[in-house]
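> Pasting the sequence and the predicted model now:
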Amino acid sequence: MQNFAVNPSKDIHPLTSFPPCSSIPAGALTMLAPKDREQFKRFGWGPEVQPRHATIADAIRHSLRHHPDAIAVECAGYQLSYRALDDASNRLANVLRAHGVKRGDAVCLFLHRSIEMVVGIVAAMKLGAAYVPQHVGVAPTETMRHVAKVTRAKVLLSLSHVADQVPVEPDQTLIRIDTVMFDPMLDSPAPNPHRYAPAPDDLAMILFTSGTTGVPNGVKVTHGNLANILLTAPGDLGMRPGLKVGQILSIAFDMAAWETLGALANGATLVIRGKSIQETAEQVDVLIATPSILNALDHSRCQQVRVAAVAGEPCPRPLADTWSSFSTFYNSCGPTETTIINTAEPHRPDKPTLSIGRPTPNNTVYVLDENLQPLPIGQKGEMWAGGDCVTAGYLANPALTAERYRPDPFRPGHMMFRTRDLGRWTPTGELEHFGRVDDMVKIRGFRVELDSVTNALETSPCCQQAVTLQYDSRNLVSFISPASACPKRAAQSVADRLPYYCNPTVVMPMDTLPRTPRGKLDKRLLLELAQTHIAETGPEMH
């Protein structure tokens, strides 16, 4: 099958198409050798590209008007054209307006993936409001209550059959989308776009972190942030009318916005999954997932996929090689705070390194030391992201915003974000990813990169996916899949490549590695399994 994507050499190669860097203050790069200074600029700046529309709302409005007969969304056998989506979202927008929702407000979507979810998103954007998604049945009640309170949402949108699971305070109104979207009695003119249309700096959505380490924090994502990644290559993944895009991820996850808003903004058809991810993956042209989700699919039944993209966690090299053999495969990276992804590059099985790519358009990536000084090309350091991807900070948390968002010393007047990811530049200007700063641990007094151990395990022919965790100050534990993988052979792959103190004490094979509701590896559960196993058997190699 012929790969389908924009031509990377034409559209996204940054070595010849980066914007001028003359604005870098004198002295900012004095610690680098002349060659490293030049490569810092060449590698770190993405190409300067104008998004096709200034806001993601403008792009969706364009799809509604210019592709009315195309299918916008399908789910469980039901389809909605762009014309029908326009009409349904107008009805809901007018109801929201009647309840006082206006430009700059937040509207909570407490539901699950559905056609109604899409109607709710579009209706909120037609009023210039930001949508705030939470997955009912996954998000705890207290989380939903916290989200609604901190966003000061007047209106909560949900579905009739889950509305009883949504906490509603006296000053809030719950609207069931399914009772509104097809009611002809609510037909009236659409909201005036000149009055309600959001500006690029207005918030489009507020995404809350999973809250596994404390109270969830809301990340403020603007229309300009989204337009920059979803309306330029490679972030648009070639989405266009006539192509189908899978919607398989949790609606509260930032990558679900990549699926949903990417499809709508580019006139494609969004295919919302039911219980089976595999069934959806077998019928779409564009598939976005975490590596853990993609690894659980039967790729031999997904040969029609033209473009696949992963992010959210490290990607196993065998997975990337397999999917890039029949599709255009992007291994990409970027926390929620840098708007879904801020690096990407097509992978090929013959590439010497599986990278996370290069800076996406209008964005920058710097590899810095602990003093925020640039490191020589090829040295490992912490990646800081700059440019149009940088979001507007955390909602109602100025202290955390000040900690993670900093003025960009290389682009005065701009901000940069501390990703807490470790990386280094390859000689060709791509970024190698070495996991989180938190994944740099000490074992028996030695510094160990957990991802290096995981990567070594995945070089074993029997191992498709692995993960390594710190058990205590002396021991590492690893999990590998599938269950037929040989622990001794996988462990030998580590011993052959890394110092002795990197050897995991226990290697446990599993059929599939457990995932969180957002599709990432569930490291907390894996550590509990390791503790149970070691308590029962003792820390011996299996």
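Happy to help now that I have it.
> Going by C-alpha atoms from here, please, whenever you check contacts or count neighbours.
Fine.
> Just the pLDDT for Glu540.
pLDDT recorded at Glu540 is 50.
> Which positions in the helix ranked longest in the chain come out as buried?
Longest helix in the chain by number of residues (criterion: DSSP state H): helix 82-98. For helix 82-98, a neighbour-count test (16 or more other C-alpha atoms under 10 Å) marks 82-97 as buried.
> Stretch 396-412 now?
Buried, per 16+ other C-alpha under 10 Å, within stretch 396-412: Thr401, Arg404, Tyr405, Asp408, Phe410, Arg411.
> Would you mind pulling the contact partners of it?
With C-alpha atoms under 8 Å, 6 or more residues apart in numbering as the test, stretch 396-412 has contacts from 23-25, 28, 150, 217, 386, 393-394, 413-418.
> Would you mind measuring from the nearest residue to Thr280 once chain neighbours are set aside to Val118?
Closest residue to Thr280 apart from its sequence neighbours, by C-alpha to C-alpha, 6 or more residues apart in numbering: Arg273 at 5.6 Å. Arg273 sits 13 Å away from Val118, going by C-alpha to C-alpha, to the nearest Å.
> Residues contacting the longest helix of the chain, please?
Outside of helix 82-98, the residues within contact range by C-alpha under 8 Å, 6+ apart are 63-65, 67-72, 119-120, 122-124, 126-127, 155, 177, 180-183, 186-191.
> filter those to the buried ones?
When the contacts of helix 82-98 are checked for burial by 16+ other C-alpha under 10 Å, the buried set is 63-64, 67-68, 70-72, 119-120, 122-124, 126-127, 155, 177, 180-182, 190-191.
> In strands, which of those fall?
Within those, residues falling in strands by DSSP state E are Ile71, Ala72, Val155.
> Can you name the residues bridging to the first one?
On the basis of DSSP bridges, Ile71 takes part in beta bridges with Ser81.
> just to revisit the earlier point, can you list the ones in strands among the buried ones among the contacts of helix 82-98 in CSV and add pLDDT and distance to Phe326?
Shown next, in CSV, are those (pLDDT from 0 to 100; distance: C-alpha to C-alpha, whole Å):
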residue, pLDDT, distance to Phe326
Ile71, 98, 26
Ala72, 98, 26
Val155, 98, 45
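> what's across from Lys442 in the sheet?
Lys442 has these beta-bridge partners by DSSP bridges: Arg447.
> low-confidence ranges in the stretch 1-150 of the chain?
Within the stretch 1-150 of the chain, the stretches with pLDDT under 70 are 1-22.
> In helices only, show me the contacts of stretch 396-412.
Using DSSP H, the subset of the contacts of stretch 396-412 located in helices is Val150.
> For Met440, state which of the contacts of stretch 396-412 is nearest.
When these are ranked by distance to Met440 (C-alpha to C-alpha), Arg418 comes first, at 16.2 Å.
> Excluding chain neighbours, what is closest to the closest one?
Per C-alpha to C-alpha, 6+ apart, closest to Arg418 is Trp384, 4.7 Å.
> Wait, that neighbour touches Thr419, no?
Yes: using C-alpha atoms under 8 Å, Trp384 is in contact with Thr419, at 5.7 Å.
> which of those two has more neighbours?
Counting neighbours by other C-alpha atoms under 10 Å for Trp384 and for Thr419 shows that Trp384 has the greater number, 24 against 21.
> ok so, going back, are any of the contacts of stretch 396-412 buried, and if so which?
Judged by 16+ other C-alpha under 10 Å, buried ones among the contacts of stretch 396-412: Asn217, Gly386, Gly393, Tyr394, Met415, Met416, Phe417, Arg418.
> what two of these are the furthest from one another?
Every pair of the buried ones among the contacts of stretch 396-412 checked by C-alpha to C-alpha; the farthest is Asn217 and Gly386, at 20.6 Å.
> I'd like to know which elements the helix or strand hosting Phe43 is packed against.
Secondary structure from DSSP states H and E places Phe43 in helix 34-44. Contact here means 3 or more C-alpha pairs under 8 Å, 6 or more residues apart in numbering; DSSP states H and E; on that basis helix 34-44 packs against strand 358-359, strand 363-368.
> Taking strand 363-368 as reference, get the angle to that helix.
Counting by axes from the mean of the first three to the mean of the last three C-alpha atoms, to 10 degrees, helix 34-44 lies at 140 degrees to strand 363-368.
> low pLDDT regions in the protein?
Those would be 1-22, 211-214, 538-542, if you go by pLDDT under 70 across the chain.
> From the recorded domain assignment, give the ranges for it.
8-46+317-435, 56-289, 444-537 (automatic domain parsing).
> The first one: how far from the chain's middle?
Using C-alpha atoms, centre = their mean, to the nearest Å, the distance from the centre of domain 8-46+317-435 to the centre of the chain it belongs to is 15 Å.
> Equivalent analysis for the second one, please.
Once both centres are worked out by C-alpha atoms, centre = their mean, domain 56-289 turns out to sit 16 Å from its chain's centre.
> what's the first-to-last distance across it?
21 Å.
> Please renumber the chain so that the first residue is 559 from this point on.
Happy to do that; since the first residue is 559 now, the last one works out to domain 614-847.
> List the buried residues of stretch 933-949.
Buried residues in stretch 933-949, counted by 16+ other C-alpha under 10 Å: 933-936, 938-949.
> repeat for stretch 613-622
Neighbour counts over stretch 613-622 (16+ other C-alpha under 10 Å) mark Thr613, Ile614, Ala615, Asp616, Ala617, Ile618, Arg619, His620, Ser621, Leu622 as buried.
> so what's the residue nearest to Arg976 bridging to?
Bridge pairing for Trp942 (DSSP bridges) gives the partners Tyr924, Arg976.
> roughly how far apart are Glu596 and Ala628?
Remark: distance between Glu596 and Ala628 (C-alpha to C-alpha) = 47 Å.
> One more: Arg859?
According to C-alpha to C-alpha, Arg859 and Ala628 sit 26 Å apart.
> How about Ile764?
29 Å.
> residues contacting the residue in the chain sticking out farthest from the centre?
Going by C-alpha atoms, centre = their mean, the residue of the chain most distant from its centre is Met743, 39.1 Å out. Listed by C-alpha under 8 Å, 6+ apart, Met743 has no contact partners.
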